[in-house]
Structure formats: C-alpha cells, structure tokens
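Student: This is a predicted model, with the sequence first.
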Amino acid sequence: MAVVALASAAVSAQNPIVRDQFSADPSALVVGDKVYVFPSHDIKAPAEYARKDWFCMADYHVFSSSNLTDWTDNGMIVDQWSAPWVNASGYSMWAPDCKQNPNNGKYYFFFPAGAKPQPSADGRRGFGGNRVGICTSDYPEGPYTPEATPIEGVGGIDPCIFVDDDGTGYLVMPGITITKLNPDWKSISTDPADRHRVEEVPTKGLVEGPYLYKHNGKYYMTFPWARDVEEVLAYCMADNIFGPYKFMGVFFEEHANHCWTNHHSIIEFKGQTYLFYHHNEFSPDFDKNRSVCADSIFFEPDGTIRMVKPTLRGIGVTDSKSQIQLDRYTQLSASGDSIAYLEPSNYFAGWKTVFYEKGAWAKYNTVDFKKAPKKVTVKVVPPSAGTLEILQDDNVIATVDVPADRQFVTVSGKVSGAKKGIHHLKVRMATAGKVQVDWLTFE
Ligand code: FUB
C-alpha cells in the first residue's frame, strides 16, 4: 500500500502568516482582489545595538496575498539608512500604517521612528524623539519614496490612518487622539475643531496601537490595553468620528505564551471581516521577536464584536495540492496527539503533529479539492510507525501505512471515493504506535 515518493507541492502558510522572518504590528489593506500587509520587522539585535532585550527594527517589508493563504514578500519599503530624518543607528522603526489617499490615488506609508539627534540649546546633541514620517508610492507594493522630514507637529509612535466615507483622512495616535489630515496627507490640520481626544477609555494600561475601523456606519476605536499584565485588545463604539464613544470591553484576550504586546488592524475582504495581530510563536522565550497572524472576526446583530478566537489554522482556503501543515489544525482530539516544533533549535522550521494513540485525530477545515484526488502523500518525521486514515469530511478516502523498518521521507497512499470541492480534512491514527506528520498533499 505505502510507496516512497518525493513531493513537489508549494508550501502554504497558516498562522503565523510570515514564516521566514519575524514580523509584528500588522497593518492590513485591501486593494482590489488582494490583501496587503504592512508589518514592522523584528530582527535579532546586531552587535552594534546595545539593547539586546528590547525591540530591534531597522526596516519594513510589504506582503500580499490574493487567497489569504499564500503570502508574497514584495520587498523592503524603507529602512533606517534611507529615510533622511531617521536616526540610522536607532533600530526603532515601530508600528506603521498604509492607506490610499483618495485625493491623488497614491499610497501613503506612515511610520514612526527615532529621529536623528538634534543640537540642543547647550550645544550637546540629544535624542531626536519619536516622530512620524511618510513614504509614498503609486502602487501598494512600492517602490516607496521617503519624505525628507517627519510630519510637522506630530510626535510619538503607532500612527493609524482612517479614511472616512467622504474621503477625509484622519491621523489616530495613542492618547487617543484623532486629527484631520490636510488633503495632501503630509500635514495635519491645526484647527482645534479638527482634533478630538477619546476620553471614554480605561485610564491605565493604554500606551500604543489604536486602530479606528468603521462597520455598518459605526466607528470602532480599537486598542491594545494592558488590563492586568500583557495587552488584550479592547474597543469603544461611536456614531460619529469625534464621539461620544462608549467603552465596550475586550474582544481578544492575552496570548497563552505571554507576549506582552499585541498590535492589530481590521479589514473586510470578500464579505468576511478579519483581524490581523501578532504573537511570539516563532520565539516563545523572547517576546520582542514576534510573528503576524490573522483570524476571522464577527459582529453580533447589535454591532458589538464577538470575542475573537486565535487559531493556528488562520484564514483562507487551502489548496489540496499544497503542502498542508496539519499542525496548523482547526481542532485536535481530546487526547492522543499533540503539536511540537520540528527542530527545537530552529523554530522557523515549523511544527509537526504527533499521533500516539489509536483513534487520535487532527482536523483541518476548508481544503479546496479542485479535482477529486487520486493519491495522498504524507511527509513523516522519523521515528514513526503506524497507520493513518485520511478522511474527507467523515469519509475515509485513504489509508497510509508507515512501516517501522524504514526511514521514510514521504509515504503515499491511493485515494478512493474522494470528491472535488471544498471539504474538511481529518487525519486519524488507525493503529497503536506513533506517527509524526510534517505535512500532507494530494494529487
Ligand atoms: O513593535 C514595537 C511596538 O510594540 C509597537 O509600536 C507597539 O504597538 C508594540 O507592538
């Protein structure tokens, strides 16, 4: 039944969506039939950067996807050496945002960073302070051109740009303040009537990352909140952009692995609302090296936000011909299987699903079988021995034997009775033993 084979399927990505580098603070933007994500970029501190226990961020990349499953890195937007006003040894390019200016169709990438030290009154050079700058482009994937100077009158971190239905742009900053942008989006209005501070928020634990979103005519001011220790995500609602807002509570709890920060954005894409956020899956022991994730978000009939469940399965429909990372499961059986890192010394290598009890299963929802498959190939990790059943919904469509006497790279099984279309996939241990699965794919 089982044959040795080599698979040549494409790798598909689930949570975290960026799997070859750290990424954080995702700002998502829908452009046509694609989603663009503008995260910040955590790196390991280089020798010249003294703060080894702190955020270290020297540039930004932009990612895109049309199926929310396969993400393309479109390259770098700007770095601390090419932005004229940025302190080139600051490693402080924190949470950005990018939106299209309806007045000229260009994409405006707003980013905070430590500015070059300025001469001080006593002649010594000091810290230039956190400022917010802009890069512009004709296309969301770039190339982007940085402005020579940061925005006049704006200090701090974590800019969020909100574009209202009438095309007016607003700059939202921690505090939380909302200020009208001038039509060129390179400056803010100085008219006090164009500025509002949101007062109806918790008085403690609000330091960063507000994100203003509009849904069904209501304004949702969402923000990270260090309610106890680590940040949860909470929100206020209003009928008008300048309020009054009403505090509504939490919609996303702390991460199980104690990442202190969270930072998010919300989009609607093809009729579904999604939350982009981050945690530290690829760096469980150091929460300044984070990874971007995405999950669905739902509104109750009264407009309130249902508590979001963070998943490993993430979003998007997975192609049955891709390497399906079963460890990014939708659901696991109550006992008999678990998820482990493939290589404890290299978290970027990803995870495996370990079955060690007869009857244990892992479910992976929404796989697109464009044609009824004839063959399944499973990449197993030695030591492995036992038999797996592959199910489409509740029907067994293949049985794959993994004999103990050989160190397989991949094992294949014949598929019969499978249907085409979008189905849920389940993999079940049919015998005693232990089988460790890296991925599986269909032909
Ligand atoms: O990424 C650096 C900082 O951590 C961001 O600016 C904050 O929002 C927090 O995520």
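Tutor: Yep, it's here. Numbering: from 1, shown residues only.
Student: tell me which parts of this structure are close to the ligand?
Tutor: Taking Cβ under 6 Å from any ligand atom as the measure of proximity, the chain contacts the ligand at Ala24, Asp25, Ser40, Phe55, Trp94, Ala95, Ile157, Asp158, Glu208, Gly209, Thr261, His263. To be clear about C-beta, it is placed using only N, CA and C from the backbone, and glycine gets the same treatment.
Student: any idea which of those has the most stuff around it?
Tutor: Highest neighbour count within those, by other Cβ atoms under 10 Å: Asp25, with 31 neighbours.
Student: how close does that one sit to Pro373?
Tutor: 39 Å (Cβ to Cβ, to the nearest Å).
Student: so who does the nearest residue in space to Pro96 that is not next to it in sequence touch?
Tutor: Nearest non-adjacent residue to Pro96, counting by Cβ to Cβ, 6 or more residues apart in numbering: Phe111, 4.0 Å away. For Phe111, the contact set (Cβ atoms under 8 Å, 6 or more residues apart in numbering) comprises Tyr60, Val78, Ala83, Met93, Trp94, Pro96, Val132, Gly133, Ile134, Cys135, Pro159.
Student: got it, and Phe38?
Tutor: Contacts of Phe38 (Cβ under 8 Å, 6+ apart): Pro26, Ser27, Ala28, Leu29, Tyr60, Val62, Ile77, Pro96, Asp97, Cys98, Phe109.
Student: what about 7 Å?
Tutor: By Cβ atoms under 7 Å, 6 or more residues apart in numbering, the residues touching Phe38 are Ser27, Leu29, Tyr60, Val62, Pro96, Asp97, Cys98, Phe109.
Student: Thr177 now?
Tutor: Neighbours of Thr177 in contact, by Cβ under 7 Å, 6+ apart: Arg195, His196, Arg197.
Student: Among the residues you listed, name the buried ones.
Tutor: Among the contacts of Thr177, those scoring as buried are Arg195, His196 (criterion: 16 or more other Cβ atoms under 10 Å).
Student: Export the contacts of Thr177 as CSV, with columns for secondary structure, distance to Glu141 and pLDDT.
Tutor: As requested, those are exported to CSV (DSSP: H, G, I helix; E, B strand; the rest coil; distance: Cβ to Cβ, whole Å; pLDDT from 0 to 100):
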residue, secondary structure, distance to Glu141, pLDDT
Arg195, strand, 33, 98
His196, strand, 33, 98
Arg197, strand, 35, 98
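Student: Can you tell me which of the contacts of Thr177 is closest to Phe348?
Tutor: Of all those, Arg197 has the smallest distance to Phe348: 41.9 Å, by Cβ to Cβ.
Student: Tell me the spatial nearest neighbour of the closest one, not counting adjacent residues.
Tutor: Sequence neighbours aside, Thr177 is the residue nearest to Arg197 in space, at 5.2 Å (criterion: Cβ to Cβ, 6+ apart).
Student: picking up where we left off before, quickly list what the residue nearest to Pro96 is bridged to.
Tutor: Here Phe111 sits in beta bridges with Gly133, as judged by DSSP bridges.
Student: got a pLDDT number for it?
Tutor: For Phe111, the model assigns a pLDDT of 98.
Student: The one 10 residues further on too?
Tutor: Listed pLDDT for Ala121 reads 60.
Student: Equivalent analysis for Lys375, please.
Tutor: According to the prediction, Lys375 has pLDDT 98.
Student: list the helices and strands whichever strand or helix holds Val437 packs on?
Tutor: Following DSSP states H and E, one finds Val437 within strand 435-442. Contact here means 3 or more Cβ pairs under 7 Å, 6 or more residues apart in numbering; DSSP states H and E; on that basis strand 435-442 packs against strand 351-355, strand 375-380.
Student: Buried residues of the longest one, list them for me.
Tutor: The neighbour-count criterion (16+ other Cβ under 10 Å) identifies Val376, Thr377, Val378, Lys379, Val380 as the buried residues of strand 375-380.
Student: how far does the helix or strand following it sit from the chain's center?
Tutor: The helix or strand immediately downstream of strand 375-380 is strand 386-392, counting by DSSP H and E. Put simply, strand 386-392 sits 31 Å off its chain's centre (Cα atoms, centre = their mean, to the nearest Å).
Student: So what touches strand 386-392?
Tutor: The contact list for strand 386-392 (Cβ under 7 Å, 6+ apart) reads 376, 378, 396-402, 418-419, 423, 425-435.
Student: repeat that with 6 Å
Tutor: For strand 386-392, contacts defined as Cβ atoms under 6 Å, 6 or more residues apart in numbering pick out 376, 396-402, 418, 423, 426-428, 430-431, 433, 435.
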